[in-house]
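A.B. asks: Return a 3D structure for these sequence lines:
(chains A and B)
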Amino acid sequence: AQSVSQHNHHVILSEAASLELGCNYSYGGTVNLFWYVQYPGQHLQLLLKYFSGDPLVKGIKGFEAEFIKSKFSFNLRKPSVQWSDTAEYFCAVNPYSGAGSYQLTFGKGTKLSVIP
Amino acid sequence: EADIYQTPRYLVIGTGKKITLECSQTMGHDKMYWYQQDPGMELHLIHYSYGVNSTEKGDLSSESTVSRIRTEHFPLTLESARPSHTSQYLCASSRRGGQGGQSSYNEQFFGPGTRLTVL
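C.D. replies: Numbers count the residues shown, from 1 in each chain, chains lettered A, B, ... in the order given. Okay, here's the model as predicted:
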């Protein structure tokens, strides 16, 4: 079964610092990749997704992620974080099986705290 | 407005009680899911449904059951709650996007969750 690893459990940054959250998955075939965000007291929201084409994808609120197939990675980046980015971030993988598998496998999440 | 609704948002009950967690969506999606999430842990899929009268168990074994009689409604039931069932339960639904084949993808939308505490 596939798994998703998020290397950092808790990241603490000052405002304006750059952010990179790691995500690696274990699946040898074609995958769809997602980053979800959960702000305090709110439900999970989609931040960005990759399914084909340009491996550098841009999402909402200035976030982007790069799919590196050879490294099985999909790291999330933001050049300058704001206090409002304080949230928990989840990486998720949907392996493409052709037969219509729609299930997502999630990582354990990374909690980001941004200090004003 | 298209959305996913879960009720109740918070529930504290005693051991042995039967409970039903409600999930409804007005997104027009045919696929729906239930996840269990504990603090600091990943979301675990416990049930899913690809359409009316279709339900399957997920990767994480669960003593709960689900039903899908209507497209928009996907309730989860615990016949006899125990303290080990204390957790957050998230409902999601999905659409198939893209152009089909390897260009298609599954994007899931989540409800606000139900935080269940069993004493």
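A.B. asks: Contact partners for residue B:80?
C.D. replies: Going by C-beta atoms under 8 Å, 6 or more residues apart in numbering or on different chains, residue B:80 touches B:15-18. For glycine as for every other residue, the C-beta is placed from the backbone atoms N, C-alpha and C.
A.B. asks: Then residue A:43?
C.D. replies: Residues in contact with residue A:43, defined by C-beta under 8 Å, 6+ apart, are B:4, B:90, B:110-113.
A.B. asks: Now with 6 Å, please.
C.D. replies: Residues in contact with residue A:43 (C-beta atoms under 6 Å, 6 or more residues apart in numbering or on different chains) are B:110, B:112.
A.B. asks: Near chain B, which residues of chain A are found?
C.D. replies: For chain A, the contact set with chain B under C-beta under 6 Å from any C-beta of the partner chain comprises A:30, A:32, A:43-44, A:51-52, A:94, A:102-103, A:106-108.
A.B. asks: Out of the residues you listed, which one has the weakest pLDDT?
C.D. replies: Ranked by pLDDT, the residues of chain A next to chain B bottom out at residue A:102 (73).
A.B. asks: A helix includes that residue, no?
C.D. replies: No - counting by DSSP: H, G, I helix; E, B strand; the rest coil, residue A:102 is not part of a helix but coil.
A.B. asks: so what's the residue nearest to it when sequence neighbours are not counted bridging to?
C.D. replies: Excluding its sequence neighbours, the residue lying closest to residue A:102 (C-beta to C-beta, 6 or more residues apart in numbering or on different chains) is residue B:106, at 4.3 Å. Under DSSP bridges, the beta-bridge partners of residue B:106 are residue B:96.
A.B. asks: List the residues that contact residue B:106.
C.D. replies: By C-beta under 6 Å, 6+ apart, the neighbours of residue B:106 are A:94, A:102, B:94.
A.B. asks: Also residue B:116?
C.D. replies: residue B:11.
A.B. asks: Kindly report the same for residue B:10.
C.D. replies: Taking C-beta under 6 Å, 6+ apart as the criterion, residue B:10 is in contact with residue B:115.
A.B. asks: do that again at 10 Å, thanks
C.D. replies: For residue B:10, the contacting residues are B:88, B:113-117, by C-beta atoms under 10 Å, 6 or more residues apart in numbering or on different chains.
A.B. asks: any chance you could map the strands in chain A?
C.D. replies: A:4-5, A:10-14, A:19-21, A:24-25, A:31-38, A:45-50, A:56-58, A:64-68, A:73-78, A:87-95, A:105-106, A:110-115 (DSSP state E).
A.B. asks: Which other helices and strands does the third one contact?
C.D. replies: What it means is strand A:19-21. In terms of contacts (3 or more C-beta pairs under 10 Å, 6 or more residues apart in numbering or on different chains; DSSP states H and E), strand A:19-21 is packed against strand A:10-14, strand A:64-68, strand A:73-78, strand A:87-95, strand A:110-115.
A.B. asks: How many residues are close by the closest residue to residue B:68 other than its chain neighbours?
C.D. replies: What sits nearest to residue B:68 in space, not counting adjacent residues and going by C-beta to C-beta, 6+ apart, is residue B:49, at 4.3 Å. Counted with other C-beta atoms under 10 Å in any protein chain shown, residues neighbouring residue B:49 total 20.
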